[in-house]
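Chemist: Sharing a sequence plus its predicted fold:
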Amino acid sequence: MTTLAEMTVTEAVSKALELIAYGDWDNQKGYSWCTAREGTFENYVISEYFDGETEVYDSVKEDYVPITELQSFDTDSIWQHFHGEGGKGVRDGWTGEIVSSYGGEGEGDQYWMVISISDGETTRYFRKDGWYASYDGGYLDGETYEVAPKEKLVTYYE
């Protein structure tokens with residue numbers, strides 16, 4: 001089995017997003033708006049994150065594939081779905097979490113999100129940039145790249 005440290009950016013990001021999606025599913029305990037959900041986790045992912053689409057761009061295959069053949073959770077639509085939420089998923093000793101997000105109405109055109117994945121020993125962080133326009137909304141459609149948390153001292157004058 002590949003360790004977190006050995007995973008490519010695409011593999012680690014996909015695993016993190018899958019964990020966050022699973023946490024979203026698990027937190028709802030199979031219920032949505034007080035109505036029992038039916039079907040599998042995979043059916044939940046299709047209905048919740050792909051709005052009934054039948055094909056989606058797979059970053060692994062670098063082509064559009066039927067959703068049932070999706071090999072990577074690293075899609076713009078899944079990133080966009082989670083923007084602004086504090087989601088977290090834990091499964092089989094792995095943790096995926098939305099660490100930070102920024103952008104939207106009243107915050108200019110900056111729009112981005114950071115997620116993390118941990119295997120209990122190693123934690124990696126990934127950021128995806130996008131853009132926001134008041135007439136069209138926000139899009140997380142930039143490159144996904146690895147980042148590291150850094151503290152900065154900021155002085156405010158009030």
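Modeler: Yes, it's here. Numbers count the residues shown, from 1 in each chain.
Chemist: longest helix anywhere in the chain?
Modeler: Looking across the chain with DSSP state H, the single longest helix is helix 9-27.
Chemist: could you pull out the helices for this protein?
Modeler: So, for the chain - with DSSP H - the helices run 9-27, 41-49, 76-82.
Chemist: Which neighbouring elements make contact with the second one?
Modeler: If contacts are counted by 3 or more C-beta pairs under 8 Å, 6 or more residues apart in numbering; DSSP states H and E, helix 41-49 sits against helix 9-27, helix 76-82. From N, CA and C alone the C-beta is placed, and that goes for glycine too.
Chemist: Could you pull up the mean pLDDT of the longest one?
Modeler: Averaging pLDDT along helix 9-27 yields 87.
Chemist: just the last one next, same as before
Modeler: For helix 76-82, the mean per-residue pLDDT is 82.
Chemist: And it, what's buried?
Modeler: Residues of helix 76-82 classed as buried by neighbour count (16 or more other C-beta atoms under 10 Å): D76, I78, W79, Q80, H81, F82.
Chemist: Repeat that for the first one.
Modeler: With burial defined by 16+ other C-beta under 10 Å, the residues of helix 9-27 counted as buried are 10-25.
Chemist: That helix vs helix 41-49, what angle?
Modeler: 90 degrees (axes from the mean of the first three to the mean of the last three C-alpha atoms, to 10 degrees).
Chemist: Each with direction, which strands does the top strand by length along the chain pair with?
Modeler: Secondary structure of the chain per DSSP state E: the longest strand is strand 94-102. Strand 94-102 has the following sheet partners, assigned by DSSP bridges: strand 88-91 (antiparallel), strand 112-118 (antiparallel).
Chemist: ends of stretch 116-126, how far apart?
Modeler: Its start and end residues considered, stretch 116-126 measures 6 Å (C-alpha to C-alpha, to the nearest Å).
Chemist: Contacts for it next, please.
Modeler: Stretch 116-126 has contacts (C-beta atoms under 8 Å, 6 or more residues apart in numbering) with 3-5, 9, 12-13, 15-16, 19, 93-97, 99, 114-115, 144-149.
Chemist: List only buried entries from those.
Modeler: 4, 12-13, 15-16, 19, 94-97, 99, 114-115, 144.
Chemist: Just put those residues in a markdown table and tack on distance to T122.
Modeler: Shown next, in a markdown table, are these (distance: C-beta to C-beta, whole Å):
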| residue | distance to T122 |
| --- | --- |
| L4 | 5 |
| A12 | 10 |
| V13 | 15 |
| K15 | 12 |
| A16 | 12 |
| L19 | 14 |
| W94 | 11 |
| T95 | 11 |
| G96 | 13 |
| E97 | 14 |
| V99 | 15 |
| V114 | 17 |
| I115 | 15 |
| T144 | 18 |
